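1. below is the sequence, then the predicted model.
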Protein chains: 2
Amino acid sequence: MRLSNLADYAVVTMCAAARHCGFARVSAAVLAEETGLPAPTVQKLVSQLSRAGLLNSTRGAGGGIKLARPAAAITLADIVEAVEGPIALTACVEQERPECALGERCRVRPHWALVNEVLRGALADIPLTQLARVPEEMKLEA
Amino acid sequence: MRLSNLADYAVVTMCAAARHCGFARVSAAVLAEETGLPAPTVQKLVSQLSRAGLLNSTRGAGGGIKLARPAAAITLADIVEAVEGPIALTACVEQERPECALGERCRVRPHWALVNEVLRGALADIPLTQLARVPEEMKLEA
DNA sequence: TGCAAATCGGAACGAATTGATCCGATTATG
DNA sequence: CATAATCGGATCAATTCGTTCCGATTTGCA
């Protein structure tokens, strides 16, 4: 029931990347420095996020990564699924392949599917723009 | 983001126990046989569920376990929390102790708290009675 | 055109949590 | 009072997670 640390870090990394949206490409090392996360970990996350189609990576000198889509079109659900795979609380609701020993007789599965949909909906309702927005309190205390 | 297998088994076990509610106490071995789960696993689950106050266990010959409360007063959230501890997607929202390095400056945490509350609400809305109820389709195919 | 620097991508290692199993402590019964 | 059956805690293996490292690829400059 706990989100993996990688997924948590991925959200922070995407937030940092969103702040550079529109500017030149950013290297993974810069994002690591800004977020305070270990550089190798950020590299691994960038790889996964690129494969998932959330980031566009350019190799070579002067390369780096940038958002593949506008920040408004990226949601928390996208980021979590990119790192952890499909959102599935139980094995029952995963990719329509019920591996439960009870099979179709399981009375609990329909309820799990409902809870799963509620959770996914809550994550899909939060766009990256909302996460990257700086609250007013932070501006005041700065 | 995945529920542990123990929690899944706990739900099945509680469902089986609810079917015996009102009758004599049931032993963990019987529940294991009915659910098809390994007997030692069911024993461990019964211990945890008893400590959490969801089951009342009686030792000695002829002992066993029974629901500590009416099935209508037990929700999915209760069972999950009994096995996995407090429902917390991230370490930020756990027991009001933010261990995040960013501390109060984290802009993501309020959103996690919201998602966490939505998830908990979805689990708390499903009572054990609803899980243990046998659908009409099952009666027909039997 | 060739070299060099900087980047991403995948693979390998170590650690932690989870899951299953076993044995001892406890208690009502005959 | 002895017995038998039960729960409770402790121990051990396995899978997954998290971190780290090294190689392949590409662009920029001389």
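-> Yes, it's here.
2. what distance separates the start and the end of stretch A:16-28?
-> Start-to-end span of stretch A:16-28 (C-alpha to C-alpha, to the nearest Å) is 10 Å.
3. A:Glu84 and A:Asp8 touch, don't they?
-> No: contact criterion C-beta atoms under 8 Å: A:Glu84 and A:Asp8 do not qualify, at 10.5 Å. Placement of C-beta: from N, CA and C, glycine included.
4. who has more neighbours out of those two?
-> Legend: neighbour count by other C-beta atoms under 10 Å in any protein chain shown for A:Glu84 and A:Asp8, higher for A:Asp8 (22 against 17).
5. mind listing the strands for chain A?
-> A:55-58, A:64-67 (DSSP state E).
6. out of these, which gets nearest to B:Arg2?
-> strand A:55-58 (24.5 Å; C-beta to C-beta).
7. does any part of that closest one sit near DNA strand C?
-> Yes: Strand A:55-58 lies within reach of DNA strand C by C-beta under 7 Å from any atom of the strand, at A:Ser57, A:Thr58.
8. got the CA coordinates for that strand in CSV?
-> The C-alpha trace of strand A:55-58 is given here as CSV (Å, rounded to 0.1, in the frame of the first residue of the first chain):
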residue,chain,number,x,y,z
LEU,A,55,10.5,12.9,-21.6
ASN,A,56,12.5,13.4,-24.8
SER,A,57,16.2,12.7,-24.4
THR,A,58,18.9,13.9,-26.7
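9. quick one: contacts of it?
-> Strand A:55-58 has contacts (C-beta atoms under 8 Å, 6 or more residues apart in numbering or on different chains) with A:Ala17, A:Arg25, A:Val46, A:Ser47, A:Leu49, A:Ser50, A:Gly63, A:Gly64, A:Ile65, A:Lys66, A:Leu67, A:Ala68.
10. between these, which is closest to chain B?
-> A:Ala17 (13.7 Å; C-beta to the nearest C-beta).
11. low-confidence ranges in chain A?
-> A:22-24, A:95-105, A:134-142 (pLDDT under 70).
12. that one against DNA strand D: which residues are in contact?
-> Counting by C-beta under 7 Å from any atom of the strand, the residues of chain A that sit close to DNA strand D are A:4-6, A:9, A:38, A:40-41, A:43-44, A:58-63, A:84.
13. whichever of these end up buried, select them in ChimeraX.
-> Buried residues among the residues of chain A next to DNA strand D (16 or more other C-beta atoms under 10 Å in any protein chain shown), as a ChimeraX selection:
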select /A:9,41,44,84
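14. now the residue nearest in space to the middle of chain A: how far from B:Val11?
-> For chain A, the residue sitting closest to the mean C-alpha position, by C-alpha atoms, centre = their mean, is A:Ile79 at 1.6 Å. For A:Ile79, the distance to B:Val11 equals 29 Å [C-beta to C-beta, to the nearest Å].
15. same check on A:Val11?
-> 29 Å.
16. what's the answer for A:Gly85, then?
-> For A:Gly85, the distance to B:Val11 - C-beta to C-beta - is 22 Å.
17. what does chain A put close to chain B?
-> A:1-4, A:7-8, A:11-12, A:15, A:36, A:76, A:80, A:84, A:87-91, A:101-102, A:105, A:107-108, A:111, A:114-115, A:118-119, A:122-123, A:126, A:130-135, A:138 (C-beta under 8 Å from any C-beta of the partner chain).
18. now which of the residues you listed would you call buried?
-> By 16+ other C-beta under 10 Å, the residues of chain A next to chain B give A:1-3, A:7-8, A:11-12, A:15, A:76, A:80, A:84, A:87-91, A:107-108, A:111, A:115, A:118-119, A:122-123, A:126, A:131-132 as buried.
19. now narrow those to whatever sits close to DNA strand C.
-> Answer for those near DNA strand C (C-beta under 7 Å from any atom of the strand): A:Arg2.
20. bridging residues for the spatially closest residue to A:Cys21 that is not a sequence neighbour?
-> Spatially, and ignoring its direct neighbours in sequence, A:Cys21 is nearest to A:Leu67 (5.2 Å; C-beta to C-beta, 6 or more residues apart in numbering or on different chains). A:Leu67 has these beta-bridge partners by DSSP bridges: A:Leu55.
21. all set, thanks.
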